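Visitor: I would like the atomic coordinates for the input below:
(one chain, ligands or ions: 1)
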Amino acid sequence: MQSTKSSQTGSKTKDQAQPVPAYDSILELAPYQTGKPVEELTREYGVSDVVKLASNENPMGCSPRVTLAITEQLGQLARYPDGNGYYLKQALSDFNNVKLECITLGNGSNDLLDILARTFVSADDAVVYSQYAFIVYSMVAKMQGATGIEVPAQRFGHNLAAMRQAVEDNANTKMVFIANPNNPTGTQLEREALRKFVGSLPSSVLVVLDEAYIEYSPESNNRALLDEFDNVIIVRTFSKAYGLAGLRIGYALSSAPVAKLLNRIRQPFNVSRIGLAAAAAALADQDFIEQVRLNNQEQMYWLENQFDALGLGFISSHANFIMVEIDNAIDVYQALLEQGVIVRPLAGYGLPNWLRITVGVAEDNMRLIDTLRSILTDD
Ligand SMILES: Cc1ncc(COP(=O)(O)O)c(C=O)c1O
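Guide: Down below sits the predicted model:
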């Protein structure tokens, strides 16, 4: 049957033909563009000494306690992990001062964004998010067949007044996504403004606060909103400052009834045995997080000065990356790649003249600036 259908599609090859049509909303989706993996660059360009500043990973790695915690699990790999993640949840409950039943674990925070949309959003609903906000919000809305409402940004950040208006104009709004600090712009919302915004929305609208970069900007921690509003959900990750991107662990804090629903949709063992142990060990080492924050602060300052010296505009950032304005950004991205430096082009975000650069350790950043200088002055 399959081959008959392919041959009926005329010019389409067997690989391109859709044997079973997908939902229209899925056909419209573009796949998420990840930062180029180091291995791929080495394969494609034969460059071995690669600096990756493309995915907001932690250039300092992770706490040494993680290695020990992982080693302890190696004899247990034949056993499923604890599907409830009890010990990690206990640690997160103490750390965040929330009840155990208010926590949902995810295979990265991306998993939670997806679970949230699948739990609450249907094709009849609207989902509101900002222009230049993390692209996954629009993706999960579209995956549900929902109407995605992108609200124009204000000075590259969320325009809360306009977002509130969008909710008012679309009575079917079910969910609002806010990244604070935002990726890729690094902008941050003022705490009281955010509180007023949440208070101005109907309680039937869920507000998802994505705090993936919270460790770099503790003042963005809006954990207190959970005590005041049952419709707030905070999503966090171990992929950024904790340095565990390769393990895929995130968590959501919410009211207990919301968490109960999320846990129905969540796959039973969505966080691995190694992930659970590693995250608990990483959380316990807050001294490491302090060092990470310090490195980021010093190196961000250094990079800003270098961009100034090169005459490049940038947006002040509250996270571990910075958006830099460069003419022909895609060509500069390509030239950097060829010299072993991976950064992130932002054309997919409608920002063709910008690159997003993750803050590295001093050595990485010097390499980036030297390479960038040579590219920009090589005319
Ligand atoms: C704002 C934001 N949210 C969520 C994520 C997803 O991260 P992870 O799935 O690794 O936790 C990212 C990753 O880049 C991000 O920038």
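
Visitor: average model confidence for stretch 235-246?
Guide: Over the span of stretch 235-246, the pLDDT mean works out to 98.

Visitor: what comes up buried for that stretch?
Guide: 235-245 (16 or more other C-beta atoms under 10 Å). Heads up, the C-betas are built off the backbone N, CA and C, glycines and all.

Visitor: try stretch 248-256
Guide: Those would be 248-255, for stretch 248-256 by 16+ other C-beta under 10 Å.

Visitor: Quick check: buried residues in stretch 267-284?
Guide: Buried positions in stretch 267-284, judged by neighbour count with 16+ other C-beta under 10 Å: 270-283.

Visitor: Return the alpha-carbon coordinates of that stretch using CSV.
Guide: The C-alpha coordinates for stretch 267-284 follow below in CSV (Å, rounded to 0.1, in the frame of the first residue of the first chain):
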residue,chain,number,x,y,z
GLN,A,267,6.2,9.3,31.1
PRO,A,268,6.7,7.0,34.1
PHE,A,269,10.5,7.0,34.0
ASN,A,270,11.2,10.3,32.2
VAL,A,271,14.3,11.1,34.3
SER,A,272,17.1,8.4,34.4
ARG,A,273,18.6,6.9,37.5
ILE,A,274,21.9,8.7,36.7
GLY,A,275,20.0,12.0,36.1
LEU,A,276,18.2,11.8,39.4
ALA,A,277,21.4,11.1,41.4
ALA,A,278,23.4,13.7,39.5
ALA,A,279,20.8,16.5,39.9
ALA,A,280,20.6,15.9,43.7
ALA,A,281,24.4,16.1,44.0
ALA,A,282,24.6,19.2,41.9
LEU,A,283,21.9,21.0,43.9
ALA,A,284,23.8,20.3,47.1
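
Visitor: Show residues contacting that stretch.
Guide: For stretch 267-284, the external contacting residues (C-beta atoms under 8 Å, 6 or more residues apart in numbering) are 62-63, 65-66, 68-70, 72-73, 76-77, 79-83, 85, 87-88, 91-92, 95, 105-107, 111, 238, 242-244, 247-249, 288.

Visitor: what's the distance between it and the middle of its chain?
Guide: Centroid separation between stretch 267-284 and its chain, computed with C-alpha atoms, centre = their mean, to the nearest Å, is 18 Å.

Visitor: How about that stretch and the ligand, touching?
Guide: No - on the criterion C-beta under 6 Å from any ligand atom, stretch 267-284 is out of touch with the ligand, staying 11.1 Å away.

Visitor: Now do the strands in the chain.
Guide: 51-52, 103-106, 126-130, 147-151, 173-179, 206-210, 232-237, 250-253, 313-315, 321-325, 341-342, 344-345, 354-358 (DSSP state E).

Visitor: Can you lay out those strands as TSV showing distance to the ligand?
Guide: Output for the strands of the chain, formatted as TSV (distance: least, C-beta to the nearest ligand atom, whole Å):
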stretch	distance to the ligand
strand 51-52	13
strand 103-106	7
strand 126-130	11
strand 147-151	16
strand 173-179	4
strand 206-210	5
strand 232-237	3
strand 250-253	4
strand 313-315	15
strand 321-325	9
strand 341-342	15
strand 344-345	10
strand 354-358	10
